[in-house]
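K.L.:
give the three-dimensional model of this entry:
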Amino acid sequence: MKIFESFRAARWLRSTNLVLQALLFVAFFGGLNYLALHYAWRFDITQFRKHSLSAETRAYLAQLGRNQPIQIRVVVTFPKDAALTGDTAPADLDQINNDVAGLLREYTYALETNANASLRIDYIDVYQRPRDAERDNLKPNTIHFFAGDRPSEVTLDELYRRKDNQRVAFLGEQAFTRAILTVASPVKKKIYFLTGHGEMDPHSVDPQRGLSEIRDALRARNYDLGVLDLSRAREIPADATLIISAGAQNPYEAYEEEILRRYMTARAGRLMLFTAPGTAPTGLEDLLREWGIVADNNWMLDVPGSSQRDVNDDLILTTNNQHYITQTLADNHLALKFGATRSVRPAPSRATDPGLSITPLVLTSPTSWGEVSYRSIRRGQRLRYDAGADLPGPLAVVTVAERITAKNDLPFSIPVGRLAAFGCSDFIANGRLGARANSTIFFSTLNWLGTGGTEDNIPARPIEKFQLALGQGQLSRLRYILIFAVPGAFALLGLIVYWTRRR
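P.N.:
Predicted coordinates:
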């Protein structure tokens, strides 16, 4: 009897074969895990690149910490369970948390190759951990970014683009990248409020003329604030990111206008101007005209009973303009609540300038008009449109202008100055900022004027929606298939196997 034909040898061969198979199996998967650990590749095969950051964001992240190492802390205060917060939780809370968490994972992965920068993510429910929320000044339903003592925040409104009250695009990458660049910069962007002409005060809590709520919101976004009296400074400081003139009651002098003109042209300045009836002339007429804008000396009125006029004679204004500033308002049919308002519109006689882009953002209704003789109106007098003197509506009350120039004869242009002019100033006061969409248009304009333009380069991510529409009959057939057909198929298969084995 040969040795290999014995039962003992056969058992040894079979056992050896099994051991070798097991070793091969372990070695194979061990090798795969080793390769995955040290030579990882990621491929995003989704249609809208859902699991990838844009090239612009990756370039920004690669530059973080070049001068000194930096750790960025992100605190998400969206609750995990909407039932615990009641009406304060946003709609589609699970989807929001998934979108935010997925995007933050991409930032963490992108920074793994940067030895000088890191990202730490915390999830804090401000209702369950009030001490932590008070210590870090955390707000509910907000994403907070910190780097040292430099904070920035992203609210729910900044995360999504909406249309007809439906989310159509995710803007998280734009907002997160902007916030990271803000807190990562050791130098805060400086905003100066002009003073010396009866302007509204950023340090006052007065509901009519105070801007303390604007001040606190800007500081929460890591802006440094200051006041500037042009009659004393005689020049715009070198660190100025944005100049705001809010509700000046006296006109600016000619030399002050010239200071602003040099800032806007020579330094690609940013100016936000809030004016109102009763302050004409503003002293900035020539500067506005050079930017293709005219601020009329009138008072915007509308006929009684108009849909754009409330019981307090405030103007309720909407916009259909698809500009970056007003896109959120137009998509969601959000309205503005303006008090005393004058028309601020593109100048009819402006010179043709291919490098100047002028866009009216907010218009009054066709039944409105710009009352020119408002100063001589007696109390209680009923106002009527005078075709010979007044300006007929619709008229623009918010207009922006941007001057651009070609960059070294390349086929694209860069902005070299931006100006936003509002025909109303009281809508940003403490008593009105929270009304309607007043705060939305202010901060949208602020982003357009002073963020550095990251949102212009980073594309929005369309939201994929899948909907299964079934009629009542189709639902009934599906129910019967799940209850009877699927179990019946397995039962039939079992009977066939049983019958086959019996034979």
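K.L.:
distance of Gly196 relative to Gln249?
P.N.:
Gly196 is 11 Å from Gln249, where distance means Cβ to Cβ, to the nearest Å. Where C-beta positions appear, they are placed from N, C-alpha and C, glycine not excepted.
K.L.:
neighbour count winner among these two?
P.N.:
The neighbour count for Gly196 versus Gln249, taken as other Cβ atoms under 10 Å, is higher for Gly196 (17 against 13).
K.L.:
mind listing the strands in the stretch 401-503 of the chain by residue range?
P.N.:
413-422, 461-462 (DSSP state E, counting those that start in this stretch).
K.L.:
ok, and which of those has the densest surroundings?
P.N.:
strand 413-422 (a mean of 21; mean count of other Cβ atoms under 10 Å).
K.L.:
which elements pack onto that strand?
P.N.:
When contacts are defined as 3 or more Cβ pairs under 8 Å, 6 or more residues apart in numbering; DSSP states H and E, strand 413-422 sits against helix 254-266, strand 270-274, strand 293-295, strand 396-406, helix 438-450.
K.L.:
rewinding a little: among the strands of the stretch 401-503 of the chain, which is nearest Gly283?
P.N.:
Closest approach to Gly283 among the strands of the stretch 401-503 of the chain is made by strand 413-422 (13.7 Å; Cβ to Cβ).
K.L.:
what angle sits between the closest one and strand 270-274?
P.N.:
20 degrees (axes from the mean of the first three to the mean of the last three Cα atoms, to 10 degrees).
K.L.:
partners of strand 413-422, with directions?
P.N.:
strand 270-274 (parallel), strand 396-406 (antiparallel) (DSSP bridges).
K.L.:
quick one: mean pLDDT for the first one?
P.N.:
Averaged across strand 270-274, the pLDDT comes to 96.
K.L.:
and that strand, C-alpha only, in CSV?
P.N.:
Extracted in CSV, the C-alpha atoms of strand 270-274 (Å, rounded to 0.1, in the frame of the first residue of the first chain):
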residue,chain,number,x,y,z
ARG,A,270,-15.7,99.0,-1.4
LEU,A,271,-18.4,101.4,-0.3
MET,A,272,-21.8,100.8,1.2
LEU,A,273,-24.0,103.9,1.2
PHE,A,274,-27.3,104.2,3.0
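K.L.:
just how off-centre is it within its chain?
P.N.:
20 Å (Cα atoms, centre = their mean, to the nearest Å).
K.L.:
got it, and stretch 73-83?
P.N.:
Distance of stretch 73-83 from its chain centroid, counting by Cα atoms, centre = their mean, is 19 Å.
K.L.:
equivalent analysis for stretch 132-152, please.
P.N.:
17 Å.
K.L.:
check stretch 108-119 too.
P.N.:
Computed by Cα atoms, centre = their mean, the separation of stretch 108-119 from the middle of its chain amounts to 24 Å.
K.L.:
next: stretch 250-270.
P.N.:
Distance, stretch centre to chain centre, for stretch 250-270: 29 Å (Cα atoms, centre = their mean).
K.L.:
so which bits of it are buried?
P.N.:
Residues of stretch 250-270 classed as buried by neighbour count (16 or more other Cβ atoms under 10 Å): Pro251, Tyr252, Glu256, Glu257, Ile259, Leu260, Arg261, Tyr263, Met264, Gly269, Arg270.
K.L.:
of the strands paired with strand 413-422, which is nearest Pro130?
P.N.:
strand 270-274 (36.1 Å).
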